[in-house]
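Undergrad: Build the 3D model from these lines:
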Amino acid sequence: MPAQPDLNRHGGMHRSLDPIYAFPEKRFVKNLVDDMLHRTSALRCLGGARNNSVLESFMEELAHAQSWDSLEYRFSQLLDPRAIAVLGHLEDCLGALPLAASLSRGIAHAQYKNEMNRLVVAVDLRVTDDAAVELINPVVVADTGRVQDRAGLDAQL
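TA: Next comes the predicted model:
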């Protein structure tokens, strides 16, 4: 019998597929490849990491294409007050870390199952002439709700 997709709203490849941003029209296309040696959606982080990576890379491209600041573009697409607050705190943190001319800055926002913990990350980086990537000034801001195990939270972040 061929493999059947997990159609749970936040399971497997569906995790974080529905963007947290208020795009007016959304259409999701999912493809189940049933003859893969390893099903990547079944690895430790399910589909969320890949889906968020693609979405946030695309958000950077959209902001750039419209000559918007990355943060401002995200603010314009968010409705959730907690997500907006986390992004605002990141903006405050980055205000104290002006971007040097020799660096680039990447920003990403994720929300667990689109309804729980909110997390934003900014990283300044430099790519050297020999293609080495140097990460500089990583900033992580999270709204995780009540914390039971601070060491566990720090390890997850």
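
Undergrad: CA only for contacts and neighbour counts going forward, please
TA: Noted.

Undergrad: What sits closest to A22 if chain neighbours are left out?
TA: Q77 (5.1 Å; Cα to Cα, 6 or more residues apart in numbering).

Undergrad: ok, that neighbour to L103 distance?
TA: To L103, Q77 is 26 Å away according to Cα to Cα, to the nearest Å.

Undergrad: And for A83?
TA: Between A83 and L103 the distance is 26 Å, computed by Cα to Cα.

Undergrad: More neighbours: which of these two?
TA: A83 (26 against 14; other Cα atoms under 10 Å).

Undergrad: thought that one was touching R118?
TA: Yes: A83 lies in contact with R118 (Cα atoms under 8 Å); the separation is 6.1 Å.

Undergrad: Only the buried residues of the least confident helix or strand in the chain by mean pLDDT, if you could.
TA: Lowest by mean pLDDT, DSSP states H and E among the helices and strands of the chain is helix 48-65, with a mean of 85. Using 16 or more other Cα atoms under 10 Å as the test for burial, helix 48-65 gives G48, A49, R50, N51, N52, L55, E56, M59, E60, A63.

Undergrad: Please tell me how far the closest residue to V127 other than its chain neighbours sits from K26.
TA: Spatial nearest neighbour of V127, chain neighbours left out: V133 (4.6 Å); criterion: Cα to Cα, 6+ apart. To K26, V133 is 34 Å away according to Cα to Cα.
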